[in-house]
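Visitor: predicted model and sequence below, questions to follow.
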Amino acid sequence: MSDSLERLYLAVLAARDLDPATSRTARLFQRGPSKMAKKLAEEAIEVVIDAVNGDSEAVIRESADLLYNLTVLWASAGVRPEDVWREMTRREDMLGIAEKLPKTPAKLPKVASPRMASRRPIVALDGRAARKRH
Ligand SMILES: N=c1c2ncn([C@@H]3O[C@H](COP(=O)(O)OP(=O)(O)OP(=O)(O)O)[C@@H](O)[C@H]3O)c2ncn1[C@@H]1O[C@H](COP(=O)(O)O)[C@@H](O)[C@H]1O
């Protein structure tokens, strides 16, 4: 799946400077991040509605639209797909599955995953402490 997203991301980058009259992506870049964010939020809501209605075919279609709008917003924010994969790997190493880190270090597993055992321990900071570090 990441290959498809990476190909889409490159296509979005290539379309950014096309004619907004014929390219939806160029039009989104012309209208800016707030329009991109609005479209992404709309797609997320469409996925939610279709999932609640049990319409899995619609969930598939709207999820593809959601991922498209997400890659457009990534490109606009200067985020690359590999940046997101790296964060997901970091979480997977920390917790065994790619999920959000607990807010407090106390909830982190005592024993890191085998992959982490050989690495320098990552200390997960709560939001305040992390902000202070930068
Ligand atoms: N992968 C996509 C892609 N997925 C979804 N969409 C667009 O996103 C829309 C889904 O959003 P909506 O449901 O809001 O559709 P809509 O109601 O027509 O949108 P609005 O009228 O609200 O703007 C679809 O109708 C598609 O036009 C995409 N548009 C472009 N791409 C790819 O992006 C690249 C650049 O294409 P252009 O933007 O056409 O240059 C190419 O590789 C394309 O394949």
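Guide: That came through fine.

Visitor: CA only for contacts and neighbour counts going forward, please
Guide: OK.

Visitor: what does this protein have sitting close to the ligand?
Guide: Counting by Cα under 6 Å from any ligand atom, the residues of the chain close to the ligand are 8, 11-12, 15, 23-25, 65, 68.

Visitor: whichever of these end up buried, select them in ChimeraX.
Guide: Buried residues among these (16 or more other Cα atoms under 10 Å), as a ChimeraX selection:
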select :8,12,15,25,65,68
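
Visitor: among the residues of the chain next to the ligand, which are in helices?
Guide: 8, 11-12, 15, 24-25, 65, 68 (DSSP state H).

Visitor: and the residue nearest the centre of the chain, backbone torsions?
Guide: Residue closest to the mean C-alpha point of the chain, counted by Cα atoms, centre = their mean, is V84 at 6.0 Å. Main-chain torsions, V84, degrees, to the nearest 10: phi -70, psi -40.

Visitor: buried stuff in stretch 24-36?
Guide: 25-29, 33, 36.

Visitor: so which of those residues belong to strands?
Guide: For the buried residues of stretch 24-36, not one is inside strands, with DSSP state E as the criterion.

Visitor: pick the one among the residues you listed closest to the ligand.
Guide: Minimum distance to the ligand across the buried residues of stretch 24-36 is 3.5 Å, recorded for T25 (Cα to the nearest ligand atom).
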